[in-house]
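>>> Sequence first, then the predicted structure, then my questions.
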2 protein chains.
Amino acid sequence: MPDFPFQRVTIVGLGLMGGSIAKALRAANFGGKVCGVVADKEEAGRIRKASGKWQVKLSHALASALKDADLIILATPPQVLMVQLPEVARLVSPTAVVSDVASIKAPIAQLGAQLLGDRFVAAHPLVGSEKTGFGAARKRLYQGARVVLTPSPGQTGASLEAMRTFWQMLGATIVQMTPEAHDHALAATSHVPHLLAFAYMAGLEGQADALQQLAGGGLRDFSRIAASDSRLWADILWENRAAVCQHLSMVQGTLGAAERMLAGNDAQALNDLLGRGQICRQQFQFPPVHS
Amino acid sequence: MPDFPFQRVTIVGLGLMGGSIAKALRAANFGGKVCGVVADKEEAGRIRKASGKWQVKLSHALASALKDADLIILATPPQVLMVQLPEVARLVSPTAVVSDVASIKAPIAQLGAQLLGDRFVAAHPLVGSEKTGFGAARKRLYQGARVVLTPSPGQTGASLEAMRTFWQMLGATIVQMTPEAHDHALAATSHVPHLLAFAYMAGLEGQADALQQLAGGGLRDFSRIAASDSRLWADILWENRAAVCQHLSMVQGTLGAAERMLAGNDAQALNDLLGRGQICRQQFQFPPVHS
């Protein structure tokens, strides 16, 4: 197995994603230094008790947390990250690599390239969950996961290669594509499903008590992602709003067609539509439940 | 524990729901006779090998399968059931109770009441799964499940009481409401989510290969119900199309509002909408995964 390409890793944000990187590094016998940065003092205290050897610092000590690091991973929500990135770029050592884990890539990759050139490597591990916070973080979250790296056009070199090795050493498989291709595809595979689930449950507002006893596994799984952090997801949808709107319009077109089939007594067309949906669903190979 | 209120149970249709009743009866040490009716000769042969003591007959022998039965459960898709019900009513003994397991109730309860009076007890066990067929049937499917009984207005008496006892002896909890209230609520908790999932996946037709590597647990769970039997679900949606269209229109209104928020730069409204969805989702208590 190759050595870890970094020796001093600072993770800004110790939620599900960032916390799991810290735990995964410890589980992988990473011999270097790990430093986590969180905004909340009480949260920092709780994490320190669980963190063992690694450091936990508060956001106002960002400069000291970044000073020595040779890898900085920003694991904060996209809009927070976009505000932090200029400050991080100013504070890091001139050889440090900076990366992220956000579910949108184009605006982040563009800003990162402007500020840090090839030393910013935009990344998105496909390991979402409705669970949030350090308590939900798991050392095996990235085992067998796919991590999308979205280098900017022409970006090559040591930083990109080091991030590939880093994620592989945490058990992940690397997928590489442009930031724009990522955002366009993720609108379809993740962002719009989240919007539909949130919007669907918003439409049931005030009816949980009445509907509770008639809700089973179907609604449970369909709406699971609506239990996710709504601020984070409003943020993601917002940053990817062009692709989200485009895909959402397509979905609305299909739903309008379904409504016309039902209202217009076209049972055959409805049957065909559902059949196409079933076939497409069966063509996807999904990760197992509880992966 | 009370005795089973029936001694000779005939189940028409041995898929997930009907097959699970047969297996659950055996597991509950039901001492009476169980007879299953299936349409397909090869399927009948396969089930006979697995069925142990109970009989498996083909649809053309329906008369002999119904003759002695004191309980007949129709576990065929709604439109098949509506065609079978008049024939069943003609063939059964004058004291037999007839029931069903379909996900829509008003048209079935109405037809059953016309044909059989109080001896038809409309029922819907909330145990759906995307899996189908006798192979997916499980003896514990109804343990801890809710079974909705939807008697017609004024319906009381021994048949309703016997069906309550029957399902309780298979481990289920009884919920009782009118057929119309059931269908209206189920549009929101099950039928429209199925339509959205099928329509969503139909919109990804031909893109499974391209999107595969960017699809994770979110899309997997959101779309699980689109792997269900599309003919069965077209049938259910069709039979409940008034309530489905009404709820679908509401959902489309919410999605249109979300699109206007994204296109009109109203991030705060988007955040509020998602927040309402998250809160509502968290107010539901769902059955555990793998229940």
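Yes, it's here. Residues are numbered from 1 along each chain as shown, chains lettered A, B, ... in the order given.
>>> Write out the residues of the stretch 1-150 of chain A neighbouring chain B.
A:126-129, A:146, A:148 (Cβ under 8 Å from any Cβ of the partner chain). No exception for glycine: its C-beta is placed from N, CA and C like everyone else's.
>>> between those, which is nearest residue B:241?
Nearest to residue B:241 among the residues of the stretch 1-150 of chain A next to chain B is residue A:128, at 34.6 Å by Cβ to Cβ.
>>> pretty sure the closest one contacts residue B:219?
No - using Cβ atoms under 8 Å, residue A:128 is not in contact with residue B:219, being 9.9 Å away.
>>> and for the two, which residues touch both?
residue A:190 (Cβ atoms under 8 Å, 6 or more residues apart in numbering or on different chains).
>>> Now do the strands in chain A.
A:8-12, A:33-38, A:55-58, A:71-74, A:97-100, A:120-121, A:123-125, A:146-149, A:173-176 (DSSP state E).
>>> now the second one: how far from the chain's centre is it?
On the basis of Cα atoms, centre = their mean, to the nearest Å, strand A:33-38 is displaced by 19 Å from the centre of the chain it belongs to.
>>> how close does residue A:197 sit to residue A:191?
11 Å (Cβ to Cβ, to the nearest Å).
>>> who has more neighbours, those two?
The neighbour comparison of residue A:197 against residue A:191 (other Cβ atoms under 10 Å in any protein chain shown) goes to residue A:197, with 28 against 25.
>>> Identify the residue nearest that one in space, chain neighbours excluded?
residue A:226 (4.0 Å; Cβ to Cβ, 6 or more residues apart in numbering or on different chains).
>>> and the one you found, how many residues sit next to it?
29.
>>> Ok, residue A:23 next?
23.
>>> ok, it touching residue A:139?
Yes - the pair residue A:23 and residue A:139 qualifies as a contact (Cβ under 8 Å) at a distance of 3.9 Å.
>>> How about the contacts made by the residue of the stretch 51-200 of chain A found nearest chain B?
Minimum separation of the stretch 51-200 of chain A from chain B (Cβ to the nearest Cβ) falls at residue A:198, amounting to 3.5 Å. By Cβ under 8 Å, 6+ apart, the residues touching residue A:198 are A:225-226, A:230, A:233, B:273-274, B:277-278.
>>> again, only using 7 Å
A:226, A:230, A:233, B:273-274, B:277-278 (Cβ atoms under 7 Å, 6 or more residues apart in numbering or on different chains).
>>> Flag every buried residue along stretch A:153-168.
Neighbour counts over stretch A:153-168 (16 or more other Cβ atoms under 10 Å in any protein chain shown) mark A:155, A:159-160, A:162-164, A:166-167 as buried.
>>> Now, those that are in helices?
A:159-160, A:162-164, A:166-167 (DSSP state H).
>>> Show me where the stretch 151-291 of chain A has its helices.
Taking DSSP state H, counting those that start in this stretch to define them, one finds helices in the stretch 151-291 of chain A at A:158-169, A:179-186, A:192-202, A:208-211, A:217-222, A:230-239, A:241-263, A:267-283.
>>> now the ones you listed as a markdown table including mean pLDDT?
Shown next, in a markdown table, are the helices of the stretch 151-291 of chain A (pLDDT from 0 to 100):
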| stretch | mean pLDDT |
| --- | --- |
| helix A:158-169 | 97 |
| helix A:179-186 | 98 |
| helix A:192-202 | 98 |
| helix A:208-211 | 95 |
| helix A:217-222 | 96 |
| helix A:230-239 | 96 |
| helix A:241-263 | 97 |
| helix A:267-283 | 98 |
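>>> picking that back up, between the contacts of residue A:198, which is nearest residue B:34?
residue A:226 (41.5 Å).
>>> Just give me how far stretch A:29-45 sits from the chain centre.
19 Å.
>>> Pull up the distance across that stretch, start to finish.
24 Å (Cα to Cα, to the nearest Å).
>>> per-residue confidence at residue A:129?
Note on residue A:129: pLDDT of 83.
>>> is chain B contacted by stretch A:207-222?
Yes - judged by Cβ under 7 Å from any Cβ of the partner chain, stretch A:207-222 and chain B are in contact via A:208, A:211-222.
>>> no, scratch that, I was asking about stretch A:261-277
Yes - Stretch A:261-277 reaches chain B (Cβ under 7 Å from any Cβ) through A:262-263, A:267, A:270-271, A:273-277.
>>> now what about that stretch, what contacts it?
Taking Cβ under 7 Å, 6+ apart as the rule, stretch A:261-277 contacts A:258, B:198-199, B:201-202, B:205, B:226, B:230-231, B:233-234, B:237-238, B:241, B:244-245.
>>> Only the buried residues of that stretch, if you could.
Result for stretch A:261-277 [16+ other Cβ under 10 Å]: buried residues A:261-262, A:266-267, A:269-271, A:273-277.
>>> returning to what we had before: of all the helices of the stretch 151-291 of chain A, which one comes closest to residue A:75?
helix A:230-239 (11.5 Å).
>>> Pull the closest one out as CSV, backbone CA atoms only.
The C-alpha coordinates for helix A:230-239 follow below in CSV (Å, rounded to 0.1, in the frame of the first residue of the first chain):
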residue,chain,number,x,y,z
SER,A,230,-32.9,21.6,5.0
ARG,A,231,-30.5,24.6,5.1
LEU,A,232,-27.7,22.5,3.6
TRP,A,233,-30.0,21.4,0.8
ALA,A,234,-31.5,24.8,0.1
ASP,A,235,-27.9,25.9,-0.3
ILE,A,236,-27.0,23.0,-2.7
LEU,A,237,-30.1,23.5,-4.8
TRP,A,238,-29.4,27.2,-4.9
GLU,A,239,-25.9,26.9,-6.1
